[in-house]
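J.: what's the 3D shape of this:
(one chain, ligands or ions: 1)
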Amino acid sequence: MNFHVLTLFPEMIEGGLNASITGRAMEKELVNVNAVNIRDYAMNKHKRVDDYPYGGGAGMVMQAEPIYLAYEDLMRKINTKNPRVVYLTPQGQTFHQNMAQDFAKENDIILLCGHYEGVDERVLEMIVTDYVSIGDYVLTGGELPAMVMIDAISRLVPGVLHNDTSAEFESFQEDLLEYPQYTRPEVFMDKKVPDVLLSGHHANIEAWRKEQSVLRTKERRPDLYERYIHQKIT
Ligand code: 6GU
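T.: Next up, the predicted model:
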C-alpha cells in the first residue's frame, strides 16, 4: 500500500510516521510513504508556491501550478490508473473507521496537504476525488490529518498488526468501545484486577468484557450507544 503525500513540509510526514507500528510497517515494506515536496515543482526562480487571493482577504493561497505539476509527475510514476486523491480540509467529510476500511482496499492513495488560507479551487476541481476532515476544529495545515489517515489505514493492512484478529474486535467495529485491559501486577496501589479475569473461565471473561464494553459506551459515548441499541433491535 503506497501513500503519496503532496506537501510543503515533507520532513513532517517523514519524521512523524517512522516510530512504532507505522515505522515497522514501512520497514517491512507493507506500507510505503512517499512525501513529495510541492516546492520542487515551483517553476519560478524564487520557488514561490503561494500568492495573494483574488478579491482580497487575509492570508495567502497555494497556487494551482506546482500542485498540478507534482500530481502529474506522480501519476507518471505510479501504476494505479485512477487513484483516490484526498484533499485534507476542515470542509471535508469527517474521517471515520468505516472510511479507513474503505481506503485500506486501495493500492495507491494521494494525499494533498493544504496550508495558508487554502488552495486555488481550480486544481482541486481537476484532481481531487475525496475531501476529508479529521474533526470540527481548525489546524494550520493538512500534514497532521494526513498522518492520522495514514496511521488509521496502515493498521488495517494485513501483517501490520501482530495478530490479524486485533483489528477486528476493537472500538467502533460494532459501535462499541473496547473493554478495560489489565496486566501485572495483580494488585497495584490496593487496586485489584477484576477476579473474573484471573478465573480462567473463558465464557465468563468474554461475557464480562462485552458487558464492560456496553457500560463504557453508554457512559462515555451515549451517541454510539444509541446507535448500538438501535442496530441490535433492527
Ligand atoms: Cl483535514 N485540515 C485542517 N487544516 N484543519 C483540520 C482538518 C484538516 N481536519 C480538521 N481540522
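
J.: Give the buried residues for the helix-or-strand element of the chain with minimal mean pLDDT.
T.: Confidence across the helices and strands of the chain bottoms out at helix 20-27, with a mean of 91, counting by mean pLDDT, DSSP states H and E. Within helix 20-27, the residues scored as buried using 16 or more other CB atoms under 10 Å are 22, 25-26. Placement of C-beta: from N, CA and C, glycine included.

J.: ok, now stretch 182-197?
T.: Buried, per 16+ other CB under 10 Å, within stretch 182-197: Leu197.

J.: quick one: contacts of that stretch?
T.: Residues outside stretch 182-197 that contact it (CB atoms under 8 Å, 6 or more residues apart in numbering) are 198, 204-205, 208.

J.: one more time with 10 Å
T.: The contact list for stretch 182-197 (CB atoms under 10 Å, 6 or more residues apart in numbering) reads 180-181, 198, 204-209, 212.

J.: Can I get those in a markdown table including distance to His4?
T.: As requested, the contacts of stretch 182-197 are arranged in a markdown table below (distance: CB to CB, whole Å):
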| residue | distance to His4 |
| --- | --- |
| Pro180 | 39 |
| Gln181 | 36 |
| Leu198 | 49 |
| Asn204 | 48 |
| Ile205 | 44 |
| Glu206 | 42 |
| Ala207 | 46 |
| Trp208 | 45 |
| Arg209 | 40 |
| Gln212 | 41 |
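
J.: Buried subset of those residues as a PyMOL selection?
T.: Provided next is the PyMOL selection string for whichever of the contacts of stretch 182-197 are buried by 16+ other CB under 10 Å:
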select buried, resi 205+208+209+212
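
J.: Now do the residue of the chain most remote from its centre against the ligand, distance only.
T.: For the chain, the residue at maximal distance from the C-alpha centroid (CA atoms, centre = their mean) is Asp190, at 38.8 Å. Asp190 is 42 Å from the ligand, where distance means CB to the nearest ligand atom, to the nearest Å.

J.: And the residue nearest the centre of this structure?
T.: Central residue of the chain (CA atoms, centre = their mean): Met149, at 1.4 Å.

J.: The closest residue to it other than its chain neighbours: neighbouring residues, count only.
T.: Excluding the flanking residues, the one nearest Met149 by CB to CB, 6 or more residues apart in numbering is Phe95, at 6.3 Å. If you count neighbours by other CB atoms under 10 Å, Phe95 ends up with 20.

J.: OK, contacts around Phe95?
T.: If you count contacts by CB under 10 Å, 6+ apart, then Phe95 has 86, 88, 103, 132-135, 145, 148-149, 152-153 around it.

J.: ditto for Val157
T.: Contacts of Val157 by CB under 10 Å, 6+ apart are 1, 25, 30-31, 104, 167.

J.: Helices of this structure, start to end?
T.: Secondary structure of the chain, counting by DSSP state H: helices at 10-16, 20-27, 64-77, 97-103, 121-127, 143-154, 202-220, 222-233.

J.: Of those, flag the one that's most buried.
T.: Compared across the helices of the chain, helix 143-154 shows the largest average neighbour count, a mean of 22 (mean count of other CB atoms under 10 Å).

J.: Return the distance of it from the chain's centre.
T.: 3 Å (CA atoms, centre = their mean, to the nearest Å).

J.: That one - contacts with which helices or strands?
T.: Here helix 143-154 touches strand 2-7, helix 10-16, helix 20-27, strand 32-37, strand 84-94, helix 97-103, strand 108-113, strand 130-133, going by 3 or more CB pairs under 10 Å, 6 or more residues apart in numbering; DSSP states H and E.
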